[in-house]
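Pasted the sequence and its predicted model underneath.
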Amino acid sequence: MVPPHPSAVNQSRFSEGRRRTRVLSPRAGRHIVRGMKPLRALAAALLLLSLLVLLAGCATSAGAKVIASDYYNIGNAFFDLGQYDKAVLYYQSALRVDPSMVKADYNLALTFVRMKRNDDAVAILKRLLSSDQKNTTIMAALGWAYHQAGKDADALAQYDILLALSPADQNAWYNSGIILWKLDRKPEALVRFRKVLAIAADDTDALYAAGSILLSMDDPQGSADMLSRYVDKKSDDVDAWYLIAAGAERLHKYSRALEAYDRIISLDPKQGAAWFGETRLLLSVVEDPQKGLDALGKALAAGFKDRDAIKALLASPQLLEKDKVEAALKEKDLLPPPEPAKTDQKLGQSTDQKPGQPTDQPPPQKPAQKLDKP
């Protein structure tokens, strides 16, 4: 991974951007009472079910299907309310009455996905898929259940089968891209997000993901193109504006970076990292010391305490008003201690040399620092 550009805002603020996981495909074929809120639908279904149970002694096969359908609808209502334990009970009741009700089986699997009972979900979905081998809705759910279970190779294989059957399924392209991103296979993930955008050019999730990946792959211009389209749709996304600011700094487009920081501050005046971003630019690049010192004061008032970023600012040879900056930091007890002076023990050897290390040997190279995975 390419390390951050020295002028970029502290990358740990946003790593490589958040990953957004699409909700699984809508539950096919459910029949909650139309036009009612979940609670009203639940009350109506419970009342109807209680009447049907009273007649259960004379129920026919058709009557059993009606009862199973009401169990199913009640399960859907509990699902919508987020009461997954109860939804499971009602879907299972529907299946006891009518084992052939595939939609209850499928919704039960989706409920297990929400509950992170991934093995239970996978077992049901594999069984359903064995009877309907080209059902892409089941494939999509199975792919994500595999991913949640930590079986990413199986998940990607499932999505690839799905996409061979349905190449315009943007959710499958997106979710498989998310998995590849998690595995740090960024070029492959980027291809999938571009596939989403070829299907739906304004897909905001794919725009954000592609912009984030491009910035981490040291393509700030490509990132800027994607994220500019994204904020045209979602202008109140603070994280996106941080990414835009970082990319603009790498491109030396400092006016655009300041514009991005201004936008963040307008959305949330307590964003100390944005105030500090303005501080860096105004005191070391744009050369507006008074505004820079004002921004520093607001950053510190907002609770900014990133000591690494502060140390980097003080080390900048272009820093203006260094004495005033140090005084403001000292007041908040954020002024880094002075570097200890090093004295040579003998020519070519420093005081922190390890015993037995030859004087002409270079220090061991540190491994490249990697940002957090998305």
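That came through fine.

Flag the shaky bits of this protein, pLDDT-wise.
1-60, 341-374 (pLDDT under 70).

helices and strands around the strand or helix carrying Asp308, which ones?
Element membership for Asp308, per DSSP states H and E: helix 307-315. Judged by 3 or more CB pairs under 8 Å, 6 or more residues apart in numbering; DSSP states H and E, the packing partners of helix 307-315 are helix 272-284, helix 322-331. All C-beta spots, glycine's among them, are computed from the backbone N, C-alpha and C.

now the longest helix anywhere in the chain: how far from the chain's centre is it?
Ranked by residue count and defined by DSSP state H, the top helix of the chain is helix 61-80. Its chain's C-alpha centre and that of helix 61-80 lie 36 Å apart, by CA atoms, centre = their mean, to the nearest Å.

if we can go back for a sec, report the angle between the helix holding Asp308 and helix 272-284.
10 degrees (axes from the mean of the first three to the mean of the last three CA atoms, to 10 degrees).

List the contacts of helix 307-315.
6, 9-10, 276, 279-280, 283-284, 319, 322, 325-326, 329, 334, 336 (CB atoms under 8 Å, 6 or more residues apart in numbering).

Could you pick out the buried ones from these?
Val9, Asn10, Phe276, Thr279, Arg280, Leu283, Ser284, Leu319, Val325, Leu329, Leu334 (16 or more other CB atoms under 10 Å).

Closest to Asp152 out of the residues you listed?
Asn10 (30.2 Å; CB to CB).

give me the number of residues near Asp239?
Using other CB atoms under 10 Å, Asp239 is surrounded by 15 other residues.

tell me the phi and psi of it?
The phi/psi pair for Asp239 (degrees, to the nearest 10) reads phi -60, psi -40.

Distance of it relative to Ala257?
15 Å (CB to CB, to the nearest Å).

Please name the residues that touch Val191.
Gly177.

where's it, which helix or strand?
Going by DSSP H and E, Val191 is part of helix 186-199.

Can you list the helices and strands that the very next helix or strand once past that helix packs against?
Using DSSP H and E, the helix or strand that follows helix 186-199 in sequence is helix 204-216. Secondary-structure packing of helix 204-216 (3+ CB pairs under 8 Å, 6+ apart): helix 170-182, helix 186-199, helix 220-233, helix 238-250.

Okay, angle between helix 204-216 and helix 186-199 too, please.
Using the same axes, to 10 degrees, helix 204-216 lies at 150 degrees relative to helix 186-199.

how far does stretch 195-204 sit from the chain's center?
18 Å.

Was I right to think Glu321 contacts Pro289?
Yes: using CB atoms under 8 Å, Glu321 is in contact with Pro289, at 4.8 Å.

tell me, what's touching these two both at once?
Leu283.

Pull the number of nearby residues for Asp306.
Asp306: 18 neighbours (other CB under 10 Å).

ok, back up a step: any chance of the helices and strands packed on helix 307-315 in JSON lines, with distance to Ala200 too?
Shown next, in JSON lines, are the helices and strands packed on helix 307-315 (distance: least, CB to CB, whole Å):
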{"stretch": "helix 272-284", "distance to Ala200": "31"}
{"stretch": "helix 322-331", "distance to Ala200": "47"}
